[in-house]
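Asks: Sharing a model that was predicted from the sequence below.
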Amino acid sequence: MEENISTQVLDIDRRIRFAGVVTNKGEVIEGGFQQHVEPLLDQKREQQLYLDSLSAIGSLKEFSDNLGNVVYNITEYKKVILMTIPLKEGKILCISVSPDVDIMNLKSEVFRSIGLRN
């Protein structure tokens, strides 16, 4: 059986806290947290974060005609770094990692692992 995207991403580095595929309605249809990782947000706030990530990608796509397609978006907080990668059919891949990760190196590893080009 072929691994899903989230499992592939979680296997890259133990400091990846969460990896999940989110629909255009903000529903996580695949993925979850790394073993032994506690969420920093309650379920309602986590859902809002996914909706906000979708909205941010949507807003950035408004400039695609002039700047090219959105490849990824990164937001850094003190406790976590969030990376959002647009997928097909309006879905996004949401990844949260510990702040001590070299995010650009990790981004390259994620893209290579799931077969996307930078």
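Replies: Received, thanks. Small disclaimer: the values here were computed from a predicted structure and weren't measured.

Asks: Can you name the residues in contact with the helix ranked longest in the chain?
Replies: Secondary structure of the chain read by DSSP state H shows that its longest helix is helix 43-61. Contact with helix 43-61 is made by 22, 24, 26-28, 39, 41, 69-70, 73, 75, 82, 84, 86, 92, 94, as judged by CB atoms under 8 Å, 6 or more residues apart in numbering. Glycine gets a C-beta too; all of them are placed from N, C-alpha and C.

Asks: Likewise for stretch 11-27?
Replies: The contact list for stretch 11-27 (CB under 8 Å, 6+ apart) reads 3-7, 9-10, 28-34, 37, 39, 47, 50-51, 53-54, 80, 87, 89-98, 100-101, 106, 109-110, 113.

Asks: List only buried entries from those residues.
Replies: 4-6, 9-10, 28, 31, 34, 37, 50, 53-54, 80, 91-97, 101, 106, 110 (16 or more other CB atoms under 10 Å).

Asks: Tell me the pLDDT of the residue nearest in space to the middle of the chain.
Replies: Geometric centre of the chain, nearest residue: Cys94, 1.9 Å, by CA atoms, centre = their mean. On pLDDT, Cys94 comes in at 97.

Asks: so it bridges to which residues?
Replies: For Cys94, the beta-bridge assignment (DSSP bridges) gives partners Gly20, Thr84.

Asks: List the contacts of it.
Replies: Residues near Cys94 by CB under 8 Å, 6+ apart: 18-22, 28, 31, 50, 53, 82-84.

Asks: all helices in the chain, in order from the N-terminus.
Replies: Assigned by DSSP H, the chain shows helices spanning 5-10, 43-61, 64-67, 103-114.

Asks: Flag the shaky bits of this protein, pLDDT-wise.
Replies: Applying pLDDT under 70 to the chain picks out residues 1-3, 118.

Asks: about what we covered before: got the buried residues for the longest helix of the chain?
Replies: For helix 43-61, by 16+ other CB under 10 Å, it's 46, 49-50, 53-54, 56-57, 60.

Asks: Output these as a markdown table; include the columns distance to Arg117.
Replies: What follows is these, written out as a markdown table (distance: CB to CB, whole Å):
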| residue | distance to Arg117 |
| --- | --- |
| Glu46 | 29 |
| Leu49 | 27 |
| Tyr50 | 25 |
| Ser53 | 21 |
| Leu54 | 22 |
| Ala56 | 21 |
| Ile57 | 18 |
| Leu60 | 18 |
